[in-house]
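**Student:** sequence unknown, structure follows:
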């Protein structure tokens, strides 16, 4: 069964209508992988001058590029594949988008229904291909002229599902019959009235008033994670309550402001902190930081713990939350601050020495880390993360890989302004990180509605060597894409994080190296150079800082920093030991207490 040439025109008009409706809804980017069956939509995307089309050979990489665009802008990109296993390759990015709440339109081209299940080439069952990882699955069938009045509603429904509450990926499975190349005719008229923008939840006044009465006058902390659109609102709430902000770099709250605690992981390894500074209330706006030490401490606390999530999703693996508020975290905190500041003058505030003790501990930790990591000639993995974060030009974006890079950034980066930090912490995988950073770079000045403030400057990706090897196809064609993207690779020839885990001590050296150390022996400079990229190694933090500082206008480049896995463990241990000693003196200096005699029990240091 084959279609007439008129069928090709219908398909072309159908696809042009989908694209027009998506653009009317805000879509500006499409990521296309080459293939035949996807021709009608590929041609429609390329023909619309309002759409920026980026072509990528590897569908897995393409999916993460689209993810990066959605993460940076808050608006879904369309990622298009041909039929068969090409569509399967999007699954990792779809899963990350699902868990991270990133809008994404996965358009998978397909054979018509009569060619499924009969051995037709490049045909698999693509229905519900991504299971429950999508907000919606749509399989509209081969387009027919008789259905033209519903095309715009179809496109609008896909976009609404991707941008809903919570946002996430949508699969639209598009069946096309041959011939695949046609000329579009007049498009159906726009919807009247146009679809309403999706609404996000927000708490009512009674909920906020109850929280103020619950938290007022208590010793407390705010734990700020990723996904905060209004970081200033969190800082305002902390100031009103007299509480410190334990600020993940992704939160936008890690700025040089009184009360901001950047080095919370180091502090919470100290019995002086966990024994003396025991909060009675906790507010947790945004996603969870990576620190296991922090998570264990929070799970061991009593008292009120309030989670604040944009879509009311419960992020609470330890079961510690007593309350959950649905609303943009920064906006909710700003409203809390307004209520606190409007309270009578005799309204109870946290004791003065509470914030002073946290600030003293943070100052002590910051001094130790600066003294040990800011030596221009030193080059450890913590120093690399700290240097990259400090050196990016204002307005830049740092995309950091999971595993050790996100932890080193969280533990050791100093507060600063003018930096946006993004990471794939939905499923916490290391795949697709460079491709995600490329998507963020392609989004450019359009990055105004995603995670944190806009990023108008260069993009730097901080990744490990295994993540780079895993996403090596992202380098293909990168030199020609016209983006400012610097990829800093920490190369310890294997999986460095496993050296911190129990497997390192439980196995003999040979077995550990084969199964977990996993050296790959790849010359990453040669790999990048083979793709036409500027690439080289640096041997000092000064050299690294200079390259990252000049990343604006430098195009695409790869910078490799070689480290040693065993030495890296020793560096981390030395940092933890030095901070613990300094923090104890600082806390006792403010509180005048022996930490061993104060209330509260310090949680054990979990496996690193």
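**Tutor:** Here it is on my side, so go on. These numbers were taken from a predicted model, which means no experiment stands behind them.

**Student:** which non-adjacent residue is nearest residue 23?
**Tutor:** Using CB to CB, 6 or more residues apart in numbering and skipping the chain neighbours, the partner closest in space to residue 23 is residue 50 (5.0 Å). Backbone N, C-alpha and C define where each C-beta goes, glycine included.

**Student:** got it, and residue 334?
**Tutor:** residue 233 (3.3 Å).

**Student:** and the gap between the one you found and residue 415?
**Tutor:** Counting by CB to CB, to the nearest Å, the separation of residue 233 from residue 415 is 18 Å.

**Student:** The two: which is more packed in?
**Tutor:** Neighbours were counted for residue 233 and for residue 415 using other CB atoms under 10 Å; residue 233 has more, 23 against 20.

**Student:** tell me the secondary structure for that one?
**Tutor:** helix (DSSP: H, G, I helix; E, B strand; the rest coil).

**Student:** Verify the stated contact: it with residue 337.
**Tutor:** Yes - assessed by CB atoms under 8 Å, residue 233 is found in contact with residue 337 at 7.1 Å.

**Student:** Okay, the spatially most central residue of the chain and residue 56: tell me how far apart.
**Tutor:** In the chain, the residue lying closest to the centroid (CA atoms, centre = their mean) is residue 423, at 3.0 Å. Distance, residue 423 to residue 56, using CB to CB: 21 Å.

**Student:** can you check residue 395 too?
**Tutor:** 26 Å.

**Student:** Have a look at those two and say which one is more surrounded.
**Tutor:** Taking other CB under 10 Å, residue 395 and residue 56 do not tie; residue 56 has more neighbours (25 against 16).

**Student:** Hmm, the more buried one is touching residue 63, no?
**Tutor:** No - the criterion here is CB under 8 Å, and residue 56 misses it with residue 63 at 9.1 Å.

**Student:** Between the two, which contacts overlap?
**Tutor:** 31, 435 (CB atoms under 8 Å, 6 or more residues apart in numbering).

**Student:** From the contact counts, what lies against the lengthiest helix in the chain?
**Tutor:** Determined from DSSP state H, the single longest helix within the chain is helix 565-591. Counting contacts by 3 or more CB pairs under 8 Å, 6 or more residues apart in numbering; DSSP states H and E, helix 565-591 packs against helix 264-267, helix 271-276, helix 352-373, helix 381-391.

**Student:** Distance from the chain centre to it, please.
**Tutor:** 29 Å (CA atoms, centre = their mean, to the nearest Å).

**Student:** May I see the buried residues of that helix?
**Tutor:** Using 16 or more other CB atoms under 10 Å as the test for burial, helix 565-591 gives 565, 568-569, 571-572, 575-576, 578-580, 582-584, 586-588, 590-591.

**Student:** Same check on stretch 190-208?
**Tutor:** In stretch 190-208, counting by 16+ other CB under 10 Å, buried: 195, 200, 203, 207, 208.

**Student:** cool, and stretch 490-498?
**Tutor:** Buried residues in stretch 490-498, counted by 16+ other CB under 10 Å: 490, 491, 492, 493, 494, 495, 496, 497, 498.

**Student:** Same check on stretch 136-151?
**Tutor:** 137, 138, 140, 142, 143, 148, 151.

**Student:** Could I get the contacting residues of the second one?
**Tutor:** The contact partners of residue 138, taken as CB under 8 Å, 6+ apart, are 154, 157, 158, 170, 171, 172, 173.

**Student:** Nearest to residue 333 among those residues?
**Tutor:** Using CB to CB, residue 170 is the member of those that lies nearest residue 333, at 30.6 Å.

**Student:** Specify the local secondary structure of that closest one.
**Tutor:** Secondary structure state of residue 170, per three-state DSSP, is strand.

**Student:** contacting residues around it?
**Tutor:** Shown in contact with residue 170 (CB under 8 Å, 6+ apart): 76, 104, 105, 106, 134, 135, 136, 137, 138, 158, 161, 162.

**Student:** Now do the same contact list for the fourth one.
**Tutor:** What it means is residue 106. Shown in contact with residue 106 (CB under 8 Å, 6+ apart): 63, 79, 81, 87, 90, 94, 130, 134, 169, 170, 171, 172.

**Student:** And the buried ones among those residues, selectable in PyMOL?
**Tutor:** PyMOL command restricting those to the buried ones, with burial defined by 16+ other CB under 10 Å:
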select buried, resi 63+79+81+87+90+94+130+134+169+170+171+172
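
**Student:** Which residues are in contact with residue 171?
**Tutor:** 94, 106, 108, 128, 129, 130, 134, 136, 137, 138.

**Student:** Of those residues, which is the nearest to residue 431?
**Tutor:** Among those, residue 94 lies closest to residue 431 (CB to CB), at 12.2 Å.

**Student:** What distance do you get for the closest one to residue 296?
**Tutor:** In this view, residue 94 and residue 296 are 31 Å apart by CB to CB.

**Student:** same question, residue 141
**Tutor:** Applying CB to CB, the value for residue 141 to residue 296 is 52 Å.

**Student:** Same question for residue 161.
**Tutor:** Per CB to CB, residue 161 is found 37 Å from residue 296.
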